[in-house]
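Enquirer: Generate a structure from the sequence data that follows.
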Amino acid sequence: MAKTGSVTAQMKDLLDDVDENVKRSVERNARDCAKGSSASLKSSSPRKSGEYSAGWTTKKMGEADYIVYNKEGWKTHILENGHVIRNKKGDFGRVPGIKHIKPVEEEFVEKFFQDCMRDKI
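Expert: Presented below is the predicted three-dimensional model:
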């Protein structure tokens, strides 16, 4: 058992303080990146369907876990990856995807890591 003024106790207090600072920094960076990516997706999403481009939002799932999703979720996969057009006679063709989610994801993942490195985590 360590004494109150011992080096072990002082190191434990110091490491606990560093741990709290790291948690706060990661939480702040995750929140900022989630909100930024949501705003970026609102501006870069295809405009043909107004509800789709306006439906991007964030949801907090844990201490520093955020999900960015669209309320019109079923459309995200179809718009990003394309889909088959069918008529009464069978396959008619394929609509190409509009890559608008992947670039934003890559940008904000990189931004998150850069912000964490800037904060010296």
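
Enquirer: use CA for all of it now, contacts and neighbours both
Expert: Will do.

Enquirer: where does the chain dip in pLDDT?
Expert: 1-5, 49-50, 121 (pLDDT under 70).

Enquirer: how about the strands in it?
Expert: 56-60, 66-70, 83-87, 90-95 (DSSP state E).

Enquirer: right, and those strands - which one's nearest residue 107?
Expert: Of all those, strand 66-70 sits nearest to residue 107, with 13.8 Å by CA to CA.

Enquirer: and the closest one, which strands flank it?
Expert: Strand pairing for strand 66-70, using DSSP bridges, gives strand 56-60 (antiparallel).

Enquirer: For the residue most central in space within the chain, give me its contacts.
Expert: Centroid-nearest residue in the chain: residue 34, 4.5 Å away (criterion: CA atoms, centre = their mean). For residue 34, the contacting residues are 58, 66, 67, 68, 108, by CA atoms under 8 Å, 6 or more residues apart in numbering.

Enquirer: Pretty sure residue 37 is one of the things the last one touches, is it not?
Expert: Yes. Under the criterion of CA atoms under 8 Å, residue 108 lies in contact with residue 37, with a separation of 6.4 Å.

Enquirer: between these two, which one's more packed in?
Expert: residue 37 (23 against 18; other CA atoms under 10 Å).

Enquirer: residues contacting residue 84?
Expert: If a contact means CA under 8 Å, 6+ apart, then residue 84 has 91, 92, 93, 94, 95 as its contacts.

Enquirer: 10 Å - rerun?
Expert: Contact partners of residue 84, counting by CA atoms under 10 Å, 6 or more residues apart in numbering, are 78, 91, 92, 93, 94, 95, 96.

Enquirer: What of residue 85?
Expert: Taking CA under 10 Å, 6+ apart, we find residue 85 in contact with 91, 92, 93, 94, 95.

Enquirer: Based on its surroundings, how many neighbours for residue 14?
Expert: 11.

Enquirer: Quick check: buried residues in stretch 80-95?
Expert: Neighbour-count burial for stretch 80-95 flags residue 80 (criterion: 16 or more other CA atoms under 10 Å).

Enquirer: Many thanks, we can stop here.
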